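Coordinates for the following, if possible.
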Amino acid sequence: MSRTAGPAESPENDAPIDGEYLPAPEETVLRMRQAILGGEHWFEALLDAVARWRLPVERMGDRTYTYLVGGEAFDWLLLAERLLSALPDVVPSRECEELLFHGRWPLELEDDEFAARIGPAKHSAHLNYLYGVLVEEALQLSVEEEIHKENRHRAWGHDPRSDENMYQRVYGKTREDLLAQYYVETGHLIREACELSQYRALTYWLFKTRLKLQDKARVASDTRRGLAQLTRMELAVSERRRGAVLGEADFAARFASA
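So this is what the prediction gives:
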């Protein structure tokens, strides 16, 4: 996936990647439509379209689609939403909603087949998104709930930890200090009201910052905690959602050199 977005070009002007020329967005949508009308299951045609996609960011009307968060984490379901929105007449609306809102796939695919269909680069970036955004958000929520529970059950007296917030407990700094560091490192200023794509970019940056700050045991512990929270929330871990095995061993192997 290219790291920079520009005006859509004709297929013959696209840069070759892995020996193939990747089509412009309009052609990707057209080929997906033709595949579905030709008898291919819409989910398989969708995955093939994801594999051909080349834009990390796209502006459509008043909405900006940021598919590649932080230049490394691929939100493939956001791309799926964009592609499916262009083909409402050939994709069953119920199955589409189940995929986009509940992560339920209409077909059972093995992990290896999913990875092969979208390609190794996109699959690797997809794992970055699972761990660096979804698991990180779940970890933050879990810690916030823990702090709230501690404060609620404190009958009297002052515990120094009552003044501690989630950012201090997870990242060792206040939110203000982290946002200032984020601005220095990235040049992006996060305001109180920000777009979802900006929030996700910050979350991924916090994830990478946590990997640098914590020892391996703490990283593993917090990862298990985030995964457990995700399981309870039924967001990214369910028996119908394929494409990555979220587990401590996989995480440790993937980010051992981070």
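
Quick one: the strands in the stretch 151-258 of the chain, in order.
With DSSP state E, counting those that start in this stretch as the criterion, the stretch 151-258 of the chain has no strands.

okay, and for it, where does confidence drop off?
The model of the stretch 151-258 of the chain has pLDDT under 70 over residues 153-164, 234-250, 252-253, 256-258.

so what's the closest residue to Arg210 other than its chain neighbours up against?
Nearest non-adjacent residue to Arg210, counting by Cβ to Cβ, 6 or more residues apart in numbering: Tyr171, 5.9 Å away. The way it works is simple: take the backbone N, C-alpha and C, and place the C-beta from them, glycine included. Going by Cβ atoms under 8 Å, 6 or more residues apart in numbering, Tyr171 touches Leu178, Leu206, Thr209, Arg210, Leu213.

Run a quick neighbour tally on Lys208.
Lys208 has 17 neighbouring residues, counting by other Cβ atoms under 10 Å.

mind giving me the domain split of this structure?
Domains of the chain are assigned by automatic domain parsing as 11-107, 122-254.

Restrict stretch 73-83 to CA atoms and write it as CSV.
The C-alpha coordinates for stretch 73-83 follow below in CSV (Å, rounded to 0.1, in the frame of the first residue of the first chain):
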residue,chain,number,x,y,z
ALA,A,73,-1.8,0.1,10.9
PHE,A,74,-4.3,-0.9,8.3
ASP,A,75,-8.0,-0.6,9.2
TRP,A,76,-9.3,-3.0,6.6
LEU,A,77,-12.9,-2.8,7.8
LEU,A,78,-12.9,1.0,7.1
LEU,A,79,-11.8,0.2,3.5
ALA,A,80,-14.5,-2.5,3.3
GLU,A,81,-17.1,0.1,4.4
ARG,A,82,-16.0,2.5,1.6
LEU,A,83,-16.0,-0.3,-1.0
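
How far away from the center of its chain is it?
Centroid separation between stretch 73-83 and its chain, computed with Cα atoms, centre = their mean, to the nearest Å, is 9 Å.

tell me the mean pLDDT for that stretch?
For stretch 73-83, the mean pLDDT works out to 97.
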